[in-house]
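[1] Structure for the following, please:
(one chain, ligands or ions: 2)
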Amino acid sequence: MVLPEIKEKIGALKAERKAVILAHNYQTEEIQELADYTGDSFDLSRIAAEVDAEVIVFCGVHFMAESAAILAPGKLVLLPEAAAGCPMADMVTPEALRRYKEQYPGAAVVVYINSSAAVKAESDICATSANAAAVINSLEAGRVIFAPDRNLAHFVSRHTAKEIIPWPGYCITHHRITPGDIARARRVHPGALVIVHPECRPEVAEMADAVLGTSGMIRFVKETDAAEIIVGTEAGLIHRLRKERPDLKYYVPTPGLICPNMKYTTPDKVLSALEKMQHRVAVTPEIRERAAEALRRMLAVPSS
Ligand code: 13P
Ligand code: SF4
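    Numbers count the residues shown, from 1 in each chain. Ligands and ions are numbered 1, 2, ... in the order given. The predicted structure is shown next:
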């Protein structure tokens, strides 16, 4: 629980600075409780662009705060913990992606939102776990480079007739879930349904009842008739799921499904961010313009 003094100070500073707090679904319970909005990468980038505020305190990882800075150039974006990054986003650089593009002339380039602004600037359009198939199917090209998540690339290749050329990146947290973990969890909880994130290995995704991004998982539990769910994603989401459906039982397929970067943000750091107006996330105008175009194209794709 967030200490009442900290909560009060944060509330007062938020009003003074005209700030809002956005938190990704993997943040700790305390941060989710402090936030004005919680959501997946897609929801949060849309909220950042639309929300009426002068300052956005982004409780998530660096690429998410950068997306907010790209889409909301008039707002000041703060990342409470400067070191909160995404190892998968770091698996692709703009230089390496440019070389890849030269190998596949004519292919469209779709970049997962889990990437730096400089990598987004090299793409035709961005995608998130919630809309990757719709984004790819909206393109004219028959061949598509998809970077940096090879597992999401594999998942979308099952939902499109286009040829998908994957980049070999992956999420170290989701990659920990093995088919053996899912088989064991099903044996222990025979009545439970299995939902997994598309960043999981293809062999794991094939064993699931549904493959969904975090917002899709929230919708799934709201609507399900099942009483027990095995949740194949970062454990922070379970707090969010419990809020939506406290009557269900949730299990993890393997212990320690934690993204350390998502847990760096604490209420104290949120308070320091607002007191010291730190750590400012900015993007150079040239990169911002090209990355913004890729993000805006994504936001214009109707969700399927
Ligand atoms: P979502 O967009 O599904 O919330 O996922 C973001 C992420 O970082 C998954 O690891
Ligand atoms: Fe990156 Fe994986 Fe953490 Fe998501 S869970 S922020 S993809 S390392």
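[2] quick one: contacts of the strand or helix carrying I195?
    Using DSSP states H and E, I195 sits within strand 193-196. Applying CB atoms under 8 Å, 6 or more residues apart in numbering, the contact partners of strand 193-196 are 177, 182, 185-186, 204-205, 207-212, 217, 220, 224, 226, 228-233, 253. (C-beta placed from N, C-alpha, C; glycine too.)
[3] So which of these are in strands?
    A210, V211, E228, I229, I230, V231, G232 (DSSP state E).
[4] Just the buried ones from those residues?
    Buried members of those, counted by 16 or more other CB atoms under 10 Å: V211, I229, I230, V231, G232.
[5] wait, what's in contact with the third one?
    Contact criterion CB under 8 Å, 6+ apart gives I182, A185, R186, H189, A192, L193, V194, I195, Y250, Y251, V252, P253 as the residues in contact with I230.
[6] can you do 7 Å?
    A185, H189, A192, V194, Y251, P253 (CB atoms under 7 Å, 6 or more residues apart in numbering).
[7] Bridged to the closest residue to the fifth one other than its chain neighbours, which residues?
    Here the nearest residue to Y251 in space, its sequence neighbours aside, is I230; by CB to CB, 6 or more residues apart in numbering that works out to 4.9 Å. Beta bridges link I230 to V194, Y251 when assigned by DSSP bridges.
[8] Give the closest residue to the residue of the stretch 51-200 of the chain found nearest ligand 1 in space, chain neighbours not counted.
    Relative to ligand 1, the nearest point of the stretch 51-200 of the chain is S129 (3.6 Å; CB to the nearest ligand atom). Nearest residue to S129, sequence neighbours excluded (CB to CB, 6+ apart): G213, at 3.0 Å.
[9] those helices in the stretch 201-304 of the chain, which residues are they?
    Taking DSSP state H, counting those that start in this stretch, the helices of the stretch 201-304 of the chain run over residues 202-207, 214-223, 237-244, 267-276, 285-300.
[10] So which residue is smack in the middle of the protein?
    S41 (3.8 Å; CA atoms, centre = their mean).
[11] who's in contact with that one?
    M64, I113, T128.
[12] Got the confidence number for it?
    In this model, S41 is scored at 89, pLDDT.
[13] and what of N137?
    So N137 comes in at 97 (pLDDT).
[14] can you check the one 4 residues further on too?
    A141 is assigned 97 on the pLDDT scale.
[15] Just grab the bridge partners of the nearest residue to it once chain neighbours are set aside for me.
    Nearest residue to A141, sequence neighbours excluded (CB to CB, 6+ apart): A108, at 3.8 Å. Applying DSSP bridges to A108 gives these bridge partners: V144.
[16] quick one: contacts for A108?
    So A108 contacts D124, L139, A141, V144 (CB under 7 Å, 6+ apart).
[17] And V156, by the same measure?
    V156 touches A132, A133, I136, F146, I164, counting by CB under 7 Å, 6+ apart.
[18] next one: phi and psi at it?
    phi -70, psi -30 (degrees, to the nearest 10).
[19] I'd like the distance between it and A82.
    32 Å (CB to CB, to the nearest Å).
[20] what's the spacing between stretch 231-249 and its chain's center?
    16 Å (CA atoms, centre = their mean, to the nearest Å).
[21] what comes up buried for that stretch?
    231-241, 245, 248.
[22] so who does P267 touch?
    With CB under 7 Å, 6+ apart, P267 has these contacts: V2, I6, E30, L34.
[23] Could you single out the nearest of the buried residues of stretch 231-249 to ligand 2?
    E234 (5.0 Å).
[24] T173 is in contact with that closest one, correct?
    Yes - E234 lies in contact with T173 (CB atoms under 7 Å); the separation is 5.7 Å.
[25] what touches both of these two?
    Joint contacts of E234 and T173 (CB under 7 Å, 6+ apart) are L257, I258, C259.
[26] re earlier: what about the residue nearest to S129, distance to Y104?
    Counting by CB to CB - G213 and Y104 are separated by 26 Å.
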